[in-house]
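S.K.: Dropping the sequence and predicted coords here.
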Amino acid sequence: MAHRTVVGRARSVHRLRGRGDSATVPPLRSSTHPGPLGAARSRDGDLPARRGPLSSRAARRARRALPFALAVALVAAVLGRLDHGAFLAALSRVDAPLFGASAALFVLALLAADTFATVLVYRRSIARVAFRDFFVLRGASYLPSLLNHHVGQAFITVFLSRAHGVPLARAAGATLVVYASWLGCLLLLGALAFPANGGSLAGSALLLAAGALYLALLALRPARLARTRLLAPLFEAGVRGHLVALAARVPHLVVLFAGTWLPFWFFDVRIPLDAALTYIPILMVAVTLPLTPQGFGTRDVLAAALFEGFAAGVTREERLAAIAASTTAWAVALTLVEAALGLALLRVALPRMEAKGAAEAAQEPA
């Protein structure tokens, strides 16, 4: 019956077109027929149009899952080659309450030092953000930072842009000044580490030259770059502003350095200061790379390669077990503390800060 209906309708259409009334004829709907007409419409683009969004969504999900898969693979590779008995023994020797309290104290000290350095930059470029308000915002950003450090920085940038009515590009430019102060500290630390470990002064000179070249570019203020909304905060800060931001960043660097170095001592991995000045910054930078969440896996692999010679233990398996116990336990402790703190501030304090920023932005003259 369905076939006869379609055929009859086609004949009617042919007769009407012969009279010149084709404009009044509705199009044939092949969706009611599962035969060749429906297949032809599918080949004309229906299915590819649907596959496009589905494939892009699948690709986005895969990209999101990749850092977690990489972290699991790296941690599994590290733990898979260990003597598990030695690993558990290293964990059991640690005073758990003291270790947990040290992680909490480190996170709070790091948050305060980071806030002190960062709020100065945003006050110059965006708005008069109070220390307490930015302390809340930076602490709340610890929750998205669990994915990686740069997601947390993007969270701060977008929030400040919306709360204070500042263009997103300008807020992102202010965040670039924050990054510049952080990289400047790492360059100085590396320049000090080379001679401290008997290295050539050429390495120190190369690092300092890179920083000097950047400052020279700021002083020259190329017009095309300085007028760009994204880069304008960098040139507005200028050489003096960058040096002030760098000096304010030093306490944050010191706290982060200590919090990366000292936890190894809980597990009898005693890295002397001169070696720590060389290798700990490498670990600090690697953890912030957008490779794995919270640096899981990357921290463990690098620490095993860099610090095996400083670990206590008769056999190589015992030394690697002590290092893996240190990096794994510290990463888990920091994740728990930062997740709890970030969730509390995100749900309780941050909405009040957002409302306050919106009210202040509305009161400012246009």
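M.R.: Structure's in. What do you need? Residues are numbered from 1 along each chain as shown.

S.K.: Would you point out which residue is most central in the chain?
M.R.: His150 (2.4 Å; C-alpha atoms, centre = their mean).

S.K.: How about the secondary structure of it?
M.R.: helix (DSSP: H, G, I helix; E, B strand; the rest coil).

S.K.: From Leu176, how far out is it?
M.R.: 12 Å (C-beta to C-beta, to the nearest Å). (Each C-beta comes from the backbone N, C-alpha and C, glycine too.)

S.K.: And Ala101, by the same measure?
M.R.: Taken as C-beta to C-beta, the span from Ala101 to Leu176 is 36 Å.

S.K.: Settle it for me: which of those two has more neighbours?
M.R.: It is Leu176, of Ala101 and Leu176, that has more neighbours when counted by other C-beta atoms under 10 Å, with 17 against 12.

S.K.: Point me to the helix or strand that includes that one.
M.R.: helix 168-196 (DSSP states H and E).

S.K.: Can you check what angle separates the following helix or strand past that helix from helix 168-196?
M.R.: Going down the chain from helix 168-196, the next helix or strand is helix 201-220, by DSSP H and E. Counting by axes from the mean of the first three to the mean of the last three C-alpha atoms, to 10 degrees, helix 201-220 lies at 150 degrees to helix 168-196.

S.K.: Send me helix 201-220 as CSV with only the CA atoms.
M.R.: The C-alpha coordinates for helix 201-220 follow below in CSV (Å, rounded to 0.1, in the frame of the first residue of the first chain):
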residue,chain,number,x,y,z
LEU,A,201,79.1,30.9,33.7
ALA,A,202,78.1,30.8,30.0
GLY,A,203,74.8,29.0,31.0
SER,A,204,74.1,31.8,33.5
ALA,A,205,74.9,34.4,31.0
LEU,A,206,72.6,32.8,28.4
LEU,A,207,69.6,32.8,30.9
LEU,A,208,70.3,36.4,31.9
ALA,A,209,70.6,37.5,28.3
ALA,A,210,67.2,36.1,27.5
GLY,A,211,65.7,38.1,30.4
ALA,A,212,67.5,41.2,29.3
LEU,A,213,66.3,40.8,25.7
TYR,A,214,62.7,40.7,26.9
LEU,A,215,63.2,43.9,29.0
ALA,A,216,64.8,45.6,26.1
LEU,A,217,61.8,44.9,24.0
LEU,A,218,59.5,46.4,26.7
ALA,A,219,61.7,49.5,26.8
LEU,A,220,61.6,49.9,23.0
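
S.K.: Show me what it is packed up against.
M.R.: Contact here means 3 or more C-beta pairs under 8 Å, 6 or more residues apart in numbering; DSSP states H and E; on that basis helix 201-220 packs against helix 168-196, helix 232-261.

S.K.: From the contact counts, what lies against the helix or strand just after the longest one?
M.R.: The reference is to helix 232-261. Next in sequence after helix 232-261, counting helices and strands by DSSP H and E, comes helix 273-288. If contacts are counted by 3+ C-beta pairs under 8 Å, 6+ apart, helix 273-288 sits against helix 149-163, helix 168-196, helix 232-261, helix 298-307.

S.K.: For helix 273-288, buried residues please.
M.R.: 275-284, 286-288 (16 or more other C-beta atoms under 10 Å).

S.K.: for the record, mean pLDDT for stretch 287-307?
M.R.: Stretch 287-307 shows a mean pLDDT of 78.

S.K.: So which residues make contact with it?
M.R.: 67-68, 70-75, 77-78, 146-151, 260, 264, 269, 271, 279, 282-283, 286, 320, 323-324, 326-328, 331, 334-335 (C-beta atoms under 8 Å, 6 or more residues apart in numbering).

S.K.: Run a quick neighbour tally on Ser326.
M.R.: For Ser326, using other C-beta under 10 Å, the count is 25.

S.K.: residues contacting Leu189?
M.R.: Leu189 is in contact with 253, 257, 277, 281, counting by C-beta under 8 Å, 6+ apart.
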